[in-house]
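1. sequence and predicted structure, then a few things I'm wondering about:
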Amino acid sequence: QVQLLESGGGLVQAGGSLSVSCVASGLSFSDYGMGWFRQVPGKEREFVAAVTWSGGSTYYSDSAKGRFTISRDNAKSTVYLRMSSLKPEDTAVYYCAAGRLALMDPGEYDYWGQGTQVTVSS
């Protein structure tokens with residue numbers, strides 16, 4: 001059974017930093033691209049960042065570019081998202097996802113975590 005377990009969410013002040021991580025089990029982690037998405041109530045799930053299976057290529061949304069960093073450790077089956085210069089509009093539930101390719105379309109991902117709440121106060 002595939003499981004993706006996010007952790008590290010919480011409350012942070014605007015301008016601060018926060019890291020979230022996602023540990024995968026039940027799949028060959030290094031065979032999968034990994035993505036981070038976020039969602040707020042009433043809105044569609046939004047792409048944040050993705051990393052290829054090797055970690056050699058990364059992709060970011062315009063809102064994440066320059067502020068967020070995605071990385072992975074295949075030995076630990078873990079993907080990370082380091083967020084800095086956080087803004088109140090970054091408040092959302094953050095989800096990690098695993099797919100064969102590191103794409104921006106959530107429909108291309110096979111497995112999802114349960115999400116972790118990130119709240120940025122002004």
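-> Received, thanks. Numbering: from 1, shown residues only.
2. mind exporting the C-alpha coordinates of whichever helix or strand residue 50 is part of to CSV?
-> Assigned by DSSP states H and E, residue 50 belongs to strand 46-51. Presented in CSV, the C-alpha positions along strand 46-51 are these (Å, rounded to 0.1, in the frame of the first residue of the first chain):
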residue,chain,number,x,y,z
GLU,A,46,-2.7,24.5,-7.3
PHE,A,47,0.7,23.4,-8.5
VAL,A,48,3.6,24.6,-6.4
ALA,A,49,6.8,22.7,-7.3
ALA,A,50,8.0,19.4,-8.7
VAL,A,51,11.2,17.5,-8.9
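3. report the central residue of the protein.
-> Closest residue to the average C-alpha location of the chain: residue 36 at 2.4 Å, with C-alpha atoms, centre = their mean.
4. could you give the angle of the host helix or strand of it to strand 46-51?
-> Using DSSP H and E, residue 36 sits within strand 33-39. Orientation of strand 33-39 against strand 46-51 (axes from the mean of the first three to the mean of the last three C-alpha atoms, to 10 degrees) gives an angle of 160 degrees.
5. unless I'm mixing things up, residue 32 is touching residue 53, no?
-> Yes. Counting by C-beta atoms under 8 Å, residue 32 touches residue 53, with 5.9 Å between them. Backbone N, C-alpha and C define where each C-beta goes, glycine included.
6. counting neighbours, go ahead and name the busier of these two.
-> Remark: of residue 32 and residue 53, residue 32 carries more neighbours, 26 against 20, as counted by other C-beta atoms under 10 Å.
7. tell me the pLDDT of that one.
-> The model reports residue 32 with a pLDDT of 96.
8. again, but for residue 101
-> Listed pLDDT for residue 101 reads 85.
9. spit out the contact partners of it.
-> 33, 52, 108 (C-beta atoms under 8 Å, 6 or more residues apart in numbering).
10. can I get these in JSON lines including neighbour count?
-> Conversion of the contacts of residue 101 to JSON lines gives the following (neighbours: other C-beta atoms under 10 Å):
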{"residue": "33", "neighbour count": "22"}
{"residue": "52", "neighbour count": "15"}
{"residue": "108", "neighbour count": "15"}
